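Engineer: Sharing a model that was predicted from the sequence below.
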Amino acid sequence: RYPSAYVSSQGEALKEAQRRANDTIVQKLLMMRKSRILAMLDIKAIKFLAEGCKRLNVRTGVVLLKQGDEGTRDMYAVVSGEFKTVQRVGFAHKELARQHLGDVIGEVRFLTGAPRSASVVACQNSSVAVLDEGKLTMLCDTVPGLKEEVA
């Protein structure tokens, strides 16, 4: 048998770990609700999407998405920092847009399956939530108007 003080401290540690896990999920949910696209989802759909959501930290100058890539069709929601979308035109690079908290990146590849149409670069140390392609597809098929909002 373990001393009661040990059992008590183990119980408290477990409660603390559960509280932290719940806080992380809540933070993801709150972050994703700031996106106009994800604001269309009810809490059940957001929980479904958050289950597969991963946070990715990106350092200043690092390319998050590269023009021409044919990798995953995941989308990304900006959690912190700033990104710029640039398109290679010949030998020049043209800046198309800037993305901030709650903005979604990668919607063209998700919708069309075509190679990435532009590169996305971190302007400062930033982070994104990786929105799983499979879960997004399911939601687009079941939530009226979501696919049109993504487009």
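Structural biologist: Thanks, I have it.
Engineer: alpha carbons only for contacts and neighbour counts from here, please
Structural biologist: OK.
Engineer: For the chain, give me the ranges with low pLDDT.
Structural biologist: Across the chain, the stretches falling below the confidence threshold (pLDDT under 70) are 1-36, 149-151.
Engineer: what sits against the residue nearest the centre of it?
Structural biologist: With distances taken as CA atoms, centre = their mean, Ala129 lies nearest the centre of the chain, 2.3 Å away. Shown in contact with Ala129 (CA atoms under 8 Å, 6 or more residues apart in numbering): Lys28, Cys53, Lys54, Arg55, Leu56, Tyr76, Ala77, Val78, Val79.
Engineer: Apply 6 Å and report the result again.
Structural biologist: Lys54, Arg55, Tyr76, Ala77 (CA atoms under 6 Å, 6 or more residues apart in numbering).
Engineer: In PyMOL, select just the buried ones from those.
Structural biologist: Command for PyMOL, covering only those of the contacts of Ala129 found buried under the criterion 16 or more other CA atoms under 10 Å:
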select buried, resi 76+77
